[in-house]
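A structural model of the following input is requested.
(chains A and B)
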Amino acid sequence: MKVSRILATKPTKIITVGAKQEIRSAVNMLAEHRIGALLVVNETGNLIGILSERDIVRRAAEDEDVFSHTIGDVMTRNVRVGLPQDDIMSVAHTMTEGRFRHLPIVDDNYDLVGMISIGDVMKAQRDAYRGEIDTLEMQIMAGED
Amino acid sequence: MSEVGTKENPLRVAIVGAGPTGFYTAEHLFKHKELVVEIDMFDRLPTPFGLVRAGVAPDHQKIKSVTKVFSRTAQKPGFSFFGNVELGHDISLEDLREHYHQIVFCTGAQTDRQLNIPGADLEGHHPATEFVAWYNGHPDFRDYEFDLSQETAVVIGIGNVAMDVARILSRTEEELAQTDIADYALEALANSSIKKVYILGRRGPAQAAFTTPEIKELGEMQDADIFVLPEEAELDTLSQELMASGVDRGTARKVQIIQSYADNKPSGKSRKIILRLLVSPVEMYGDDKGRLTGMRLVHNELYATEAGTLRPRATEQFEDIEAGLAFRSVGYRGVPLPGVPFNDSWGVILNEDGRVIDPDSGQPALGEYTAGWIKRGPSGVIGTNKPDALETVEKMLADLADGLVLDPLHPDAGAAEKMVRQHQPNYFTFADWEKLDALEVANGEALGRPRLKFTSVEAMLEAAGKKATEPVV
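Sure, this is the predicted structure:
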């Protein structure tokens, strides 16, 4: 099962922000779109970082003025990216071991095509297992006829 | 008018496509006892069950027994089947909008991905899907021809469809005669000269897409041995690390089986299946008549992507193999439906969790939904479409609760039936299918086979006593 399977049923519009915007606006966007991370892009649309709820909480613990900081100041810069052809199984392993919950997906030209969350990955795996169990059960039942 | 979904005003749903997903969608809808729902299911073929009939290999009858569950759904009050009725040909999307509150597209992934290498257009190279549809008696493919006078065939790809093709090519007449394979295919395969079947996988043993029972089955053939090259069965360092992390027991079992084949010695069986790993075809060769004669393979090595997937990368090492017949099975895509938004990137209907999305507004298209392979792309087993259909049904019910349904001109069963009859007087009901089913089983029984399929729409019409029907206006 590939990452493209998750992207196929998600909104095609990718929500991005600029590094110069304030954390305040980022928080509003996270709440408005009910998401856990924002992709940060430069003027040409290239990915330069990712801003997650966790980044904001961590900074808030140290600095109560976090809302007026810029996104570029708080975001995670070293972003790991995935490909639509990546296997969901290995992505789940990498995200769990690396302890990150959002993975931007790029194409071969490194252009952004979407983002998946650990929740998306878990749901895809859960549905795959449910389907397999259902099919196996049905075959066992058929064998007993 | 009273609320939609009540006895006075039932929720009228059109499901386009009578494969597993269509039936799972219907099943989920019928589970809501508080909801009065009427479901009309359409299929372009007279017969229901989609790929269970036309895709699942004939030597996997047990998998086909899922149709019993689907048939029970079809008996529910409020369910109607309209077979032999094609959207965009016999009826239009507008016809559906005039007769239903909600429309669900479950048309599957009907086409295969191309192989973009020189020589791919040579005669003798086919999409595996065409061969599968042919041996399964799909009416659109019954007249296709495959040159089984060749001695060597190559199956490109390493998923379960590739396994099916390799197995069917390697079965004996005796083995095939116990299945419901199309009669013409049984005859052609009984006279086949194929002695060697290559299966080509781009990646290594730990990345093979086939499932464990499928690879195990290849080691249990009546008259075919399976071989794997020891050097290709060995795990590379990256795969070893991944396996050591205890990622997946299923993969470990699969690797074990593949590696056990590397020890196989010829046992005197007359056919050979050769599973090749870490190779990709880069060019196909032909003779002066444009017929396939062989192909060049490049050996691959694996590298890890940032997200941890092991992917193939070509090396400088090449080899040539001779083969007069090749089947590609390197992925599938959905086919756009007339008037329904399509997401070309992933080959699916443009959707968010099953709601069809209008590309102009970015908002859901009122009353239109999708489920199954045409929603998420081809993945998983038959049962994977059940949770997938459930997600779509949840969205349908949420929208119904918010009053977001179509407002059809004729929301009643009689009007819908009349509309279908006007456009396609020879439509098949589920009772027609049951008649056909009983005949197929009886005809098979006489030959000691699970069923003998009708393989042309004409023969189906005749068997169902429909041939003389005049259009009714």
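
what residues sit buried inside stretch B:320-338?
By 16 or more other Cβ atoms under 10 Å in any protein chain shown, the buried positions in stretch B:320-338 come out as B:321, B:323-334, B:336-337. Bear in mind the C-beta positions are built from the backbone N, C-alpha and C, glycine included.

wait, which of those residues is closest to A:T76?
B:G331 (33.6 Å; Cβ to Cβ).

contacting residues for the closest residue to the closest one other than its chain neighbours?
Once flanking residues are discounted, B:G331 sits nearest to B:R113: 3.9 Å by Cβ to Cβ, 6 or more residues apart in numbering or on different chains. When contacts are counted by Cβ atoms under 8 Å, 6 or more residues apart in numbering or on different chains, B:R113 touches B:328, B:330-333.

just the ones of those in strands?
Judged by DSSP state E, those include B:328, B:332-333 as members of strands.

counting contacts, what elements does the longest helix along chain A pack onto?
Scanning chain A for the helix with the most residues, using DSSP state H, yields helix A:118-143. Applying 3 or more Cβ pairs under 8 Å, 6 or more residues apart in numbering or on different chains; DSSP states H and E, one finds that helix A:118-143 contacts helix A:3-7, helix A:88-98, helix B:61-64, helix B:385-401.

following the chain past the last one, name the next helix or strand.
Scanning forward in sequence from helix B:385-401, with DSSP states H and E defining helices and strands, the next element found is helix B:413-423.

mean confidence for that following helix?
Mean pLDDT, helix B:413-423: 97.

tell me the buried residues in it?
For helix B:413-423, by 16+ other Cβ under 10 Å, it's B:416-417, B:419-421.

next one: stretch A:77-91
Within stretch A:77-91, the residues scored as buried using 16+ other Cβ under 10 Å are A:79-84, A:86-91.

what's the answer for stretch B:74-81, then?
Result for stretch B:74-81 [16+ other Cβ under 10 Å]: buried residues B:74, B:78-81.

for the residues you listed, give me JSON lines that also has distance to B:K453 and secondary structure.
Listed next are the buried residues of stretch B:74-81 as JSON lines, based on distance: Cβ to Cβ, whole Å; DSSP: H, G, I helix; E, B strand; the rest coil:
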{"residue": "B:A74", "distance to B:K453": "19", "secondary structure": "helix"}
{"residue": "B:G78", "distance to B:K453": "29", "secondary structure": "coil"}
{"residue": "B:F79", "distance to B:K453": "24", "secondary structure": "strand"}
{"residue": "B:S80", "distance to B:K453": "24", "secondary structure": "strand"}
{"residue": "B:F81", "distance to B:K453": "18", "secondary structure": "strand"}
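
between the buried residues of helix B:413-423, which sits nearest chain A?
B:A416 (28.8 Å; Cβ to the nearest Cβ).

surely the closest one is in contact with B:H410?
Yes - applying Cβ atoms under 8 Å, one finds B:A416 in contact with B:H410, separated by 7.1 Å.

which neighbours do these two share?
Common contacts of B:A416 and B:H410 (Cβ under 8 Å, 6+ apart): B:H99.

filter the buried residues of stretch A:77-91 down to the ones near chain B?
Among those, the ones lying near chain B by Cβ under 8 Å from any Cβ of the partner chain are A:80-84, A:86-87, A:89-91.

now those residues in JSON lines, with pLDDT?
Putting those into JSON lines (pLDDT from 0 to 100) gives the following:
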{"residue": "A:R80", "pLDDT": "93"}
{"residue": "A:V81", "pLDDT": "94"}
{"residue": "A:G82", "pLDDT": "95"}
{"residue": "A:L83", "pLDDT": "95"}
{"residue": "A:P84", "pLDDT": "95"}
{"residue": "A:D86", "pLDDT": "94"}
{"residue": "A:D87", "pLDDT": "92"}
{"residue": "A:M89", "pLDDT": "87"}
{"residue": "A:S90", "pLDDT": "87"}
{"residue": "A:V91", "pLDDT": "91"}
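
ok but A:P104 is inside a helix, no?
No - A:P104: not assigned to a helix; according to DSSP: H, G, I helix; E, B strand; the rest coil it is strand.

for the helix or strand of chain A with the lowest mean pLDDT, buried residues please.
The helix or strand of chain A with the poorest confidence is helix A:118-143; it has a mean of 87 (mean pLDDT, DSSP states H and E). The neighbour-count check on helix A:118-143 (16+ other Cβ under 10 Å) flags A:118, A:120-121, A:124, A:127-128, A:130-132, A:134-135, A:138-139, A:142 as buried.

cool, and stretch B:225-243?
Here stretch B:225-243 shows B:225-228, B:232-236, B:238-239, B:242-243 as buried, counting by 16+ other Cβ under 10 Å.

list just the nearest of the residues you listed to chain A.
Among the buried residues of stretch B:225-243, and counting by Cβ to the nearest Cβ, the member closest to chain A is B:L242, at 7.2 Å.

isn't that closest one right up against B:G204?
No - the pair B:L242 / B:G204 is not scored as a contact, 10.5 Å apart, by Cβ under 8 Å.

identify the contacts common to the two.
In contact with both B:L242 and B:G204: B:L310, using Cβ under 8 Å, 6+ apart.

what is the burial count for the closest residue to B:D399 other than its chain neighbours?
Spatial nearest neighbour of B:D399, excluding adjacent residues (Cβ to Cβ, 6+ apart): B:V405 at 6.6 Å. Burial of B:V405 is recorded as 21 neighbouring residues (other Cβ atoms under 10 Å in any protein chain shown).

same question, the one 4 residues further on
Neighbouring residues of B:L409 were enumerated by other Cβ under 10 Å; the total is 9.

wait, it sits on B:Y100?
No - counting by Cβ under 8 Å, B:L409 stays clear of B:Y100, with 10.6 Å between them.

what mean pLDDT does stretch B:79-86 get?
For stretch B:79-86, the per-residue pLDDT averages 98.

excluding its backbone neighbours, what's nearest the residue in the stretch 1-150 of chain B that chain A sits nearest to?
When scored by Cβ to the nearest Cβ, the stretch 1-150 of chain B has B:S65 as its residue closest to chain A, at 3.4 Å. Spatial nearest neighbour of B:S65, excluding adjacent residues (Cβ to Cβ, 6+ apart): A:A142 at 3.4 Å.
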